[in-house]
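**Student:** This is a predicted model, with the sequence first.
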Amino acid sequence: MSVLRWLLGRLAAAALVAWVVATVVFFALRAAGGDPSEAILGGPGSQASEEAVAQVRAEYALDQPLLVQYLLQLARTVTFRLGDSYARRRPVSELIGDQIGGTLALAALGLLLAWVIALVVATAAVRARGPVARRAVGLLRGAEVVASVTPHFWLGAVLIAVVAGGLGWLPATSSDSSLRSLLLPALTLAVPVAGFLGQVMRDGLEEAHTAPFATTARTRGAGEGSVLWRHSLRHAALPAIALSGWAFGSLLSGAVVVETLFGRPGLGRLLIDATHSRDVPLVIGVVLVIALGYVVVMSVADVLERLVDPRLRGRLEAVRTAPHGEVVS
Amino acid sequence: ACSDGGTGAGEATGEPVEGGTLVYATGDAEPTCLDPHVGGNYPQALISTQYLEPLVGRDASGEIQPWLATDWEVSEDGLTWDLTLAEGITFTDGTPLDAEAVKVNIEHLQDPDTASSTGYLAVEKIAEVEPVDAGHVRFHLSEPDSALLESLSTQWTAIQSPAGIARGTDENCAAPIGTGPFVVTEWVPQQHVLLERNEDYASHGPEADHDGPAHLERIEWRFLPDPATRWAALQSGEVHVIDNPEPEAVVTAEAAGITHIDAPRPGSVNRIELNSSQAPFDDVRVRQAFVLSADVDPGIEALYQGVATRSHSPLSSVEPMAYSDPSLFVTDVAQAERLLDEAGWDEVDDEGYRVRDGERLTVRLPVSTNQSVAAEQALFEQIQANTRAVGFDVVITPLDLSAWYGALAAPEGGGENDYDAVSAPYTKVGPDVLRILYHSDGTVPAPSGYFANLSQVTDPELDALLDEAARITDPDERAELYTEVQRRVLEGYYILPLYDQQNHFLTRGVEGVTTLGTVSTPTFVGARLTS
Amino acid sequence: MREAAERLGATRLVRSLGPSGLVSGAVVLLVLLAAVWPDLLAPGDPTAVAPARAYLPPGEGGLLGTDASGRDVWTRVVHGAGQSLGVGAAATAIGLALGVVLGFGAALGPRWLDGLLSRIIEVLFALPSLVLALLLVAVLGAGVGPSVLAVGAATAPGYARILRARAQSVARSPYVGAARLEGVGAPRAFVRHVLPNTVWPLVALATLGVGQAIVWVSALSYLGLGALPPSPEWGAMLNASRLHITTSWWLTVAPGLAITVTAAALTLLGRRLSAVAPA
Amino acid sequence: MSPVLDVAGLTVAFPGVGQVLRGVDLRLEAGRCLAVVGESGAGKSVLARSLVGLAGEGGAPARVSATRLHVAGQDLTAAGERQWRRLRGQDVGFVLQDALQSLDPLRTVGAEVGESLRLQGVSAPERRRRVLEALVRAGLDEPATRAAQRSGEMSGGMRQRALIASAIVSDPALLVADEPTTALDATVASGVLDLLAELRDAGTAVLLVTHDLGAVARLADDVVVLDAGRVVEFGPVDEVLRRPSHDVTRALLAAVPRGSRPGTTPPGGQEVLRAGGLTRRYRLPGGGAVDALDDVDLLVRRGEALGVVGESGSGKSTLARMLVAAEEPDAGQVELLGEPWSGLPERRRRPRRHLVRLVPQDPLASFDPRWTAGKVLTAAVRAAGSDRSPAELLELVRLPQAVLHRRPRAMSGGQRQRLAIARALAADPAVLVLDEPVSALDVTVQAAILDLLVDLQERTGTALVLISHDLAVVRRVCRSVAVMQGGRIVEQGPVEDVWATPQAPVTRALLEAVHPLP
Ligand SMILES: Nc1ncnc2c1ncn2[C@@H]1O[C@H](COP(=O)(O)OP(=O)(O)OP(=O)(O)O)[C@@H](O)[C@H]1O
Ligand SMILES: Nc1ncnc2c1ncn2[C@@H]1O[C@H](COP(=O)(O)OP(=O)(O)OP(=O)(O)O)[C@@H](O)[C@H]1O
Ligand SMILES: [Mg+2]
Ligand SMILES: [Mg+2]
């Protein structure tokens, strides 16, 4: 019953997202100026002839009133027939299908790396003993904050210049999904997210580590490692899981920059190109896929959270508070 | 500092080898269609050079050379052109190159369905194509066109297999079929285009240094928009050739012994066009004041570090008919101030800008972030700072390509005509580019609102000179007319010439890369990887 | 008397901020000083070009060297503080304003409004900020304005969600209940309890948010959507310097440090403030 | 027989805090129970934790020293972490003070209870057998079901039992229980004490930390009184409780609510509150419903003090909310001074709100955290439209004026409770409803508040409705009492009658849970 309601809620959210995206993008790009027929006729600044323009306008229903065009677009969106790209003359779904894998691989690896870094940092922080180690943890906290505010494009540029250009350890460009070529861009994406996750996880870990149940576990003879793995980490993971949904969105945003920087194919780059050429169907398609992907990821995070935390089951809406500002997804 | 068609000189290179895959990383936008007939921009010319060839070529001195057409002849009245086609050439799909094929190509360019823009303008004056026999084709022109061969030498009018064209736009865009040294075998959007060697290659152009197919087995043509990344990729050996390097990279590369090819594009120079159709630049004195106070030389020197040299001509330095007059462009702030006073801009507001009738001396300068590299944008900032000293308020607005065209376009096309100065490069082979850029016809917008004459020069005498030059085929007379045209343009202070349209390539681990004498695109016919 | 009490509050605040909070506070103050009175720290003109002095390293070319146009990097960084901070503050203000409307509306309005606004928040969340920015910039053109708007709009759902939860918990808290039982009306309870108790965390959030917004607006510069030249906005400076990382490292260090240190200080300060804030 | 616990000169200090334990000596033999009592902050919990080497848990690392520290036959005077770890869980079972949070909410009770066995390397099937057995011994029914649940799915009493099960699962020689009953209501607490007694009788040595002297009297053989980290008294229970020799002990004993309210019953005054047929039903999240109130009638007269007692969940707080019109009944009505009170629009109720005041169960939560005591009182005075001054109100509840500038968070529990009462008095209410006003306070503070209430009523004549689960508390303040169970009033009458001859089984159970001191 509650599962069904939850599912319906998600579907409603998805439908709403689809409608809003289609509407916003459609009107935004139409308001942005530049006739779509230009995009179709070889891009901006085209000197296509009168006949060519007329022909294209008729073909793409651009001679219809704006409202009719909007309804047509809406109909296409609702039925998931996203239409053909203006500039590339290929079905939008095909273009997205070609690019989505690379972006997903990148974002997934980015998230994984972020988790690994955050976990290592957080566990190191709570396990640190002695004044030197404590001091190091203090520095680590600073590093987390700095990491979380490092712009992707700059971090990527530095990594490329140093790791690829200078040292030649890893390729500067990234064209496929091999680990070697994914590593640098994924790292670029991961570092700021790891900064956030690390802070959240460390806070959670420190709290859980001093909670009564952790003390109780110690009174049963559990060592620090055991308390960490069997008790604290799960608690620390909860806010981090909730945050991962947001993090994924941020990774997709970051992909726009990182894909351009590393010359990687992907949705982000597709989106930039499409926006620049005012390719309305393509922009709607990409934004839609990203937004729906985000809804899906949020749902997955929801489910995961419930798996880890039985207390949440049955509750329809968990209050998620991402650490703030960072809520820029 | 550079070597045209240079071989790997400085760097301790290995032995040249046969075969192998060359990786080319381009910073130009990824074409949406690989057939340069459709639309027609530089990125298309760049890649299509590898698989499509034009009827004629051009050598370094600007002389038209035979290519797919071995010979040509023009009638007295300039209205009929007879071309002889090279024998025994076939397209890579086996279709023979014949007069019929040429006819199909010209008609393809002129078909509105093709949505050709650049190529369409180039063949605008061809009224009819008459296949005389298999090896001979005759063009009937609507009016004389002295620039016809130059137009036909560009990639935008390159000849494709009629069978390929017949497949329809979508298929032809994905893999055009030509006579070039390579064949398009795969296109993974946003990633690369794979080009395989044409084993039967026989139509060698003027740049080819040997008979037979290319040395390279394959070219991987990658799209790598970020200049810093391209440079890092070249350094780390991931790619062999990059284009559009930053001046920094060129300087570093030369020091490191990486081969640098400097191949300025033909046609116009990079210049700032001053919109003479409206205030403040409708007054020649204000235009001159702007030019005299811009003081671009130190900036070009610092920003380009010798990679680009200052131009004082409307035409590219590769154009034999280019005419320069440096004396017009010396910096003279005092004179600029005087001119502004004369023009009525004699008041100054609290921020130090000049004012006339309560209106500030504002110059709106939209900048295309896709077309102007970082160094050029920095140069604009310097011009902004320099002209400010005499009271100009230059407002620089970076825009994406669509918005930029939108700002330039005429109101008829939905644009705003929203600029006082702009830098819009134009690539075309030969001096006929002057007609496009400065003839009053060029102020008439296309349906999209686009027009090429962005200084909006409407000078009947200039028009007459240009019309005459377009008709006259005698090289000397033509040169004389074009010199006069350029003199008028420069003396009218319609433009502030900066430097040639920069077109640099850095190559590493490869030798024998040359550029075409037409639109300066690189060809890999003679290139070999060095082990 | 009141003054003394207030001073007591101030010293308590200082004490509870702790060393990291104090250092961050000092950094933020310094940046604020640069923003308000740049000429105090760097009297020069940030846009004055001198091509002959291009690419001078620190020392020879002043404190932080000179850039491609021979402009003094230190002067530019100092003069850029105003715009960068302003950009961050403006974006945050927009985000907060939207967030307050959405969050308070959802928390305190009738159920149907909560449902509606919550959906809107969800949709805004689903549109990644850069996507939003791209669209906005396409409509409004490049420049600081659209970027600020975009980042503001993108941060709004985050604020809204937090505010909604916060306002709801305050509105349902026993102390608001107690006030209502004393006969205090709903509007009065809102003004006296809900508003003040959500505003304090807002201050902390906003501090954090400004740092974040600076970073995001700088990211937009990379896509060519940022501040207009020749403004010394840090994001634009950082982006321009990217191409010179290997040859003129100082160009990247100055704005890079300015952005990360300011944002990190604001973040730390925000975190400390929210820790200090009464629950 | 060597003692299970033999400690001498145990000293614990925290950096910045100083010595918390100053040379404590203890001795406990198998099969006996030693109680540790003392005021809040005396060091009871630290002492308990030191016995398993976790003195510094949850804060700064502690400096521990002892001349002798023998636990379960092992010398731990200079033990390292490894040796301590072997001791914990295996030889010593520990029940932590915060029972409700001492089970990991993310893990099943079975996993929690079996943790020490797992650490000892007991095989899974064997572990399961012993876990179920321990759950049974701890008095939990359906052990298999319980083992699969998580702490969030259990009530407080069940959690406490599960925690005890986890402490006894490996049959430790010593069981340390730190305040095992504070979080529980009387009848449940009583059951837990029985369980501890059983364990003791089965041969386990039990160290019981508590402030409930009744529990001490019932369970312990010996008692240690701690004051500021020092043992001030030690001896057999009977002796110490009967003939306390130290002031601290005497103060603790005096504070235990005993006896009835002094003075005479005032004549029946005017009707203040009348409730008739009150019914309230709550829907439960998983479907189903609970009748929190079921046809309840109640009458409160001016000058009267009415007690309401009942087990947890019997509907006491719900009744309180109805009386102050914080919530509407599903059926029935409440009248205030003979006029309708429930069922009115809030707008019409507001002018009479000052007549009824609620002192909530958790006073801290009922104060705006940003407001000082002065502001709280000023606002209350203004809301009531009265002319009392905050200073006067503080006087009334015997709070020092210095409190005016403090925020509730910076006050002790007793002070907060007084502030809550002062706030309620600002309006000169006709009736004051107090929901568990002393359950969260330690005995000495509790006694002071109860005295205050008696005194207040004598002076102001306000009617009181005092809600508590502790009959002894009600007896101290009230003259009549209503006993609730399952949302109904099952017994009602003068306190002394009910105390002497309880009729309903619940009443008897509640009375049994109150352990008379010797
Ligand atoms: N880890 C620690 N670090 C610093 N001080 C501590 C620590 N644990 C306890 N204390 C201090 O030691 C003193 C005794 O605390 P303890 O918890 O033993 O009191 P208690 O007698 O158990 O009181 P209660 O009845 O309230 O539980 C208190 O003043 C407390 O603040
Ligand atoms: N708002 C509510 N929603 C659902 N159920 C409720 C609500 N309030 C009370 N209940 C249920 O009504 C019953 C009576 O609750 P109430 O709080 O009145 O008991 P109580 O006697 O005060 O218990 P305690 O001594 O634990 O405070 C309980 O079963 C409780 O779970
Ligand atoms: Mg204690
Ligand atoms: Mg209750």
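**Tutor:** Received it, and whenever you're ready, just let me know what you need. Numbering: from 1, shown residues only, chains lettered A, B, ... in the order given. Ligands and ions are numbered 1, 2, ... in the order given.
**Student:** residues touching the residue of the stretch 1-150 of chain A found nearest chain C, list them.
**Tutor:** Residue nearest to chain C within the stretch 1-150 of chain A (CB to the nearest CB): A:Val149, separated by 3.7 Å. From N, CA and C alone the C-beta is placed, and that goes for glycine too. Neighbouring residues of A:Val149 by CB atoms under 8 Å, 6 or more residues apart in numbering or on different chains: A:192, A:195, C:211-212, C:215, C:259-260, C:263-264, C:267.
**Student:** again, but for B:Ala469
**Tutor:** Contacts of B:Ala469 (CB under 8 Å, 6+ apart): B:146, B:431-432, B:434-435, B:478, B:481-482, B:485.
**Student:** and D:Asp330, how many neighbours?
**Tutor:** 12 (other CB atoms under 10 Å in any protein chain shown).
**Student:** Over to A:Thr79?
**Tutor:** 8.
**Student:** Check it and give its pLDDT.
**Tutor:** pLDDT recorded at A:Thr79 is 75.
**Student:** what's the answer for D:Pro180, then?
**Tutor:** 86.
**Student:** do D:Gly286 as well
**Tutor:** 64.
**Student:** what's the answer for D:Ala197, then?
**Tutor:** pLDDT, D:Ala197: 92.
**Student:** sorry, back to before: kindly provide the distance from the residue of the stretch 1-150 of chain A closest to chain C to C:Gly211.
**Tutor:** 6 Å (CB to CB, to the nearest Å).
**Student:** residues bridging contact with these two, i.e. touching both?
**Tutor:** Joint contacts of A:Val149 and C:Gly211 (CB under 8 Å, 6+ apart) are C:263-264, C:267.
**Student:** and the stretch 101-250 of chain D, which of its residues are near ligand 1?
**Tutor:** D:His211 (CB under 6 Å from any ligand atom).
**Student:** what about 8 Å?
**Tutor:** D:178-179, D:209, D:211, D:226, D:229 (CB under 8 Å from any ligand atom).
**Student:** Show me which pair in these is furthest apart.
**Tutor:** D:Glu179 and D:Gly229 (17.8 Å; CB to CB).
**Student:** More neighbours: which of these two?
**Tutor:** D:Gly229 (23 against 20).
**Student:** Please look at the more buried one and D:Gly41 and confirm they touch.
**Tutor:** No: using CB atoms under 8 Å, D:Gly229 is not in contact with D:Gly41; the gap is 9.6 Å.
**Student:** Can you tell me the element the residue in the stretch 1-150 of chain D that chain B sits nearest to falls in?
**Tutor:** Per CB to the nearest CB, D:Leu106 is where the stretch 1-150 of chain D lies closest to chain B, at 44.0 Å. D:Leu106 is part of no helix or strand when elements are defined by DSSP states H and E.
**Student:** That one: neighbour count?
**Tutor:** So D:Leu106, with other CB under 10 Å, has 21 neighbours.
**Student:** wait, it sits on A:Glu305?
**Tutor:** No: the criterion here is CB under 8 Å, and D:Leu106 misses it with A:Glu305 at 11.2 Å.
**Student:** All the strands of the stretch 1-150 of chain D, residue numbers only.
**Tutor:** Secondary structure of the stretch 1-150 of chain D by DSSP state E, counting those that start in this stretch: the strands cover D:5-14, D:18-28, D:33-38, D:63-65, D:68-71, D:74-75, D:92-95.
**Student:** Now do the last one: everything it contacts.
**Tutor:** Right, strand D:92-95. Residues from elsewhere that reach strand D:92-95, judged by CB under 8 Å, 6+ apart: A:216, A:219-220, D:48, D:51-52, D:71-72, D:88, D:102, D:160, D:163-164, D:166-170, D:172-178, D:180.
**Student:** low-confidence ranges in the stretch 101-250 of chain C?
**Tutor:** Within the stretch 101-250 of chain C, the stretches with pLDDT under 70 are C:141-142, C:229.
**Student:** Single out the residue in it that lies closest to ligand 1.
**Tutor:** C:Pro174 (23.2 Å; CB to the nearest ligand atom).
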